[in-house]
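Undergrad: sequence-free structure coming up:
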């Protein structure tokens with residue numbers, strides 16, 4: 001990829017923290033993000049483990065792009081049959097879903113219908129060692145993300161949290 005990780009972190013942090021409107025901050029960060037990582041849409045969500053849902057706080061996308069959670073900005077509610085498993089799940093710092101071909105992807109596909117035609121990176125967001133949300137980045141098509149993309153994206157977990 002040949003990306004300066006420190007420069008990426010600095011520019012993203014300035015965009016994330018440079019506006020009191022979370023919607024504008026996310027749009028500004030999305031502009032930088034798309035220069036370095038495949039991205040058609042991004043969403044910032046607050047995770048409620050007890051209710052097994054993600055409330056979408058802000059979102060940005062390229063014109064005509066769709067979100068992995070659908071077109072509306074409603075809460076992403078995981079199906080009831082998965083709730084016990086989700087509550088017990090030890091969420092990794094990032095999850096790459098390039099295609100729906102593993103058990104965790106099946107669970108995500110029910111909550112995120114757009115995953116059937118998109119690749120996505122889910123970054124866990126923590127504050128004081130408590131999981132508070134997720135950053136969802138997606139791109140149309142399969143096999144769009146590599147571990148190198150996830151490593152770069154992990155640098156911005158803290159500023160987003």
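TA: Thanks, I have the structure now. Being a predicted model, the structure only gives us computed values, none of them experimental. Numbers count the residues shown, from 1 in each chain.

Undergrad: the nearest residue in space to residue 19 that is not next to it in sequence: what's it in contact with?
TA: With sequence-adjacent residues excluded and distances taken as CB to CB, 6 or more residues apart in numbering, residue 19 is closest to residue 25, at 4.2 Å. For every residue, glycine as well, the C-beta is placed using N, CA and C. With contact taken as CB atoms under 8 Å, 6 or more residues apart in numbering, residue 25 is in contact with 15-19, 58.

Undergrad: just the helices in this protein please.
TA: 5-17, 22-33, 83-88, 103-111, 147-154, 157-160 (DSSP state H).

Undergrad: between those helices, which one is closest to residue 73.
TA: For the helices of the chain, proximity to residue 73 was assessed by CB to CB; helix 22-33 is nearest, at 10.6 Å.

Undergrad: gap between the closest one and the chain center?
TA: With CA atoms, centre = their mean, to the nearest Å as the basis, helix 22-33 stands 13 Å off its chain's centre.

Undergrad: that one - what's its average pLDDT?
TA: The predicted model assigns helix 22-33 a mean pLDDT of 96.

Undergrad: sorry, back to before: switch the helices of the chain over to JSON lines; also include distance to residue 133.
TA: Below are those laid out as JSON lines (distance: least, CB to CB, whole Å):
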{"stretch": "helix 5-17", "distance to residue 133": "13"}
{"stretch": "helix 22-33", "distance to residue 133": "12"}
{"stretch": "helix 83-88", "distance to residue 133": "15"}
{"stretch": "helix 103-111", "distance to residue 133": "15"}
{"stretch": "helix 147-154", "distance to residue 133": "15"}
{"stretch": "helix 157-160", "distance to residue 133": "8"}
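
Undergrad: those: which one's closest to residue 134?
TA: Counting by CB to CB, residue 134 lies closest to helix 157-160 out of those; the figure is 9.2 Å.
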